[in-house]
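# Show me the folded form of this:
(one chain, ligands or ions: 1)
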Amino acid sequence: MNSCVIIGAGLSGLIAARTLQNAGITVTVLEREQKVGGRMRTDRVQNGVFDHGAQFFTVRSERFEEIAQTWLSAGVAQEWTRGFADATGEQHEDGHPRYKGTRGMTAVAEYLAQDLDIRTGLEVKELHENGQSWEILAGDSNYAADALVLTAPAPAALALVDSNGISLPSKAREALQSISYQPCIAVMALLDGPGEVPEPGGVQVGGDPLFWVADNHQKGISEVPAVTIHAGPEWSREHAHSEDAKVSDLLLREAKDYLGTSVKATAVYRWQYSMPASPYEEQFVYAEGPPPLIFCGDAYAGPKVEGATLSGLAAAEKLLEAR
Ligand SMILES: Cc1cc2nc3c(=O)[nH]c(=O)nc-3n(C[C@H](O)[C@H](O)[C@H](O)COP(=O)(O)OP(=O)(O)OC[C@H]3O[C@@H](n4cnc5c(N)ncnc54)[C@H](O)[C@@H]3O)c2cc1C
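Just a heads-up that it's a prediction; the model follows:
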């Protein structure tokens, strides 16, 4: 293997890309969105800055601890808190750090993206395999590679493979088919004055319709009061096709006690694939080929930021070992 194309510049794709590039492989990352980070996403509404995908990350394994330490040392991540309030206002300090991106969660992804060949704004719709290598069409360009890494959430990854008639070993297909995700509707609300989200700027309501509320100003990433509201999975499913105005009205009403002031502007973002509801027990799904194809991301052997990072790393190591 001399070359690899990675579909997706979320955490798993970026970590896989760095690992392969460090081992001397020529890597190209193709990303549908205009920026890197995937679900580690920081966006603006006017002068407000909002994390509206992943809110923070925790560290459980030694392997991830080592990686997270490099982000902390580079200054792109820092500790936010050791616990949040619940819906009753009770604080839950448990001694375990929750980390944030220093300038928002995307900052970590931007740091990982340095020195990589990443083409943004390119959605991959066409894949071909010709016995020994992959041909990937995105935008007006063709990319050839000896190996392919697919980091899109499993249902989307499987749809891409199937729509191109790529055959998969039955074990790999069954594994991918077993993975499902919860949706999450996010509302970003730019406030007229200080909000009333309790310290340290996040409330784990944990319910439906209201799942999480965070004040990005208290979090330290927005100069002005900017509140992120996440709906629970049931409500998000129920309102998958409701109009943005309706969705934001309903959620702002639910969250009114945390806002405490008027709202200047809102934006709605719909995460069709937010968190894995039924993850797979191994760190990746591998189709040996030739040419090899490997699926990785947060649905494989551990969810969230930590799971996605370790899955991307394990997928790259598998390709290197198999070459
Ligand atoms: C609302 C929400 C809240 C969350 N909260 C937390 C939290 O507090 N803590 C935590 O640890 N985790 C949280 N997570 C989960 C965390 O964000 C993810 O586990 C992690 O970021 C997933 O990384 P990934 O690389 O597996 O996937 P992604 O980040 O989804 O990356 C996949 C990438 O592939 C791209 N892509 C897909 N299809 C194509 C295509 N055809 N062509 C080109 N590009 C394509 C996508 O645009 C995306 O950038 C949250 C997620 C959401 C949505």
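# neighbours around residue 304, how many?
Counted with other C-beta atoms under 10 Å, residues neighbouring residue 304 total 17. C-beta coordinates here come from the backbone N, C-alpha and C atoms, glycine included.
# Then the one 3 residues further on?
For residue 307, the neighbour count with other C-beta under 10 Å is 25.
# Kindly report the same for residue 78.
For residue 78, the count of nearby residues is 13 (other C-beta under 10 Å).
# where does it land in three-state SS?
Under DSSP: H, G, I helix; E, B strand; the rest coil, the three-state class of residue 78 is strand.
# which stretches of the stretch 151-300 of the chain form strands?
For the stretch 151-300 of the chain, the strands defined by DSSP state E, counting those that start in this stretch occupy 180-191, 202-204, 210-215, 226-231, 263-278, 285-287, 293-295.
# Residue 5: which of the ones you listed is closest?
Minimum separation from residue 5 across the strands of the stretch 151-300 of the chain (C-beta to C-beta) falls at strand 293-295, 10.4 Å.
# I'd like to know which elements the closest one is packed against.
Where contact means 3 or more C-beta pairs under 8 Å, 6 or more residues apart in numbering; DSSP states H and E, strand 293-295 is packed against strand 147-150, helix 154-163, strand 285-287, helix 304-322.
# Same list, these, but as CSV with mean pLDDT and distance to the ligand please.
Formatted as CSV, those follow (pLDDT from 0 to 100; distance: least, C-beta to the nearest ligand atom, whole Å):
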stretch, mean pLDDT, distance to the ligand
strand 147-150, 98, 8
helix 154-163, 98, 5
strand 285-287, 97, 13
helix 304-322, 97, 3
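# In a markdown table, list the strands of the stretch 151-300 of the chain along with mean neighbour count.
A markdown table is the format used below for those (neighbours: other C-beta atoms under 10 Å):
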| stretch | mean neighbour count |
| --- | --- |
| strand 180-191 | 23 |
| strand 202-204 | 21 |
| strand 210-215 | 24 |
| strand 226-231 | 27 |
| strand 263-278 | 18 |
| strand 285-287 | 23 |
| strand 293-295 | 27 |
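# what would those look like in JSON lines with distance to residue 255?
JSON lines is the format used below for the strands of the stretch 151-300 of the chain (distance: least, C-beta to C-beta, whole Å):
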{"stretch": "strand 180-191", "distance to residue 255": "8"}
{"stretch": "strand 202-204", "distance to residue 255": "9"}
{"stretch": "strand 210-215", "distance to residue 255": "5"}
{"stretch": "strand 226-231", "distance to residue 255": "5"}
{"stretch": "strand 263-278", "distance to residue 255": "10"}
{"stretch": "strand 285-287", "distance to residue 255": "38"}
{"stretch": "strand 293-295", "distance to residue 255": "36"}
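# just to revisit the earlier point, if you compare the helices and strands packed on strand 293-295, which one is most tucked away?
strand 147-150 (a mean of 28; mean count of other C-beta atoms under 10 Å).
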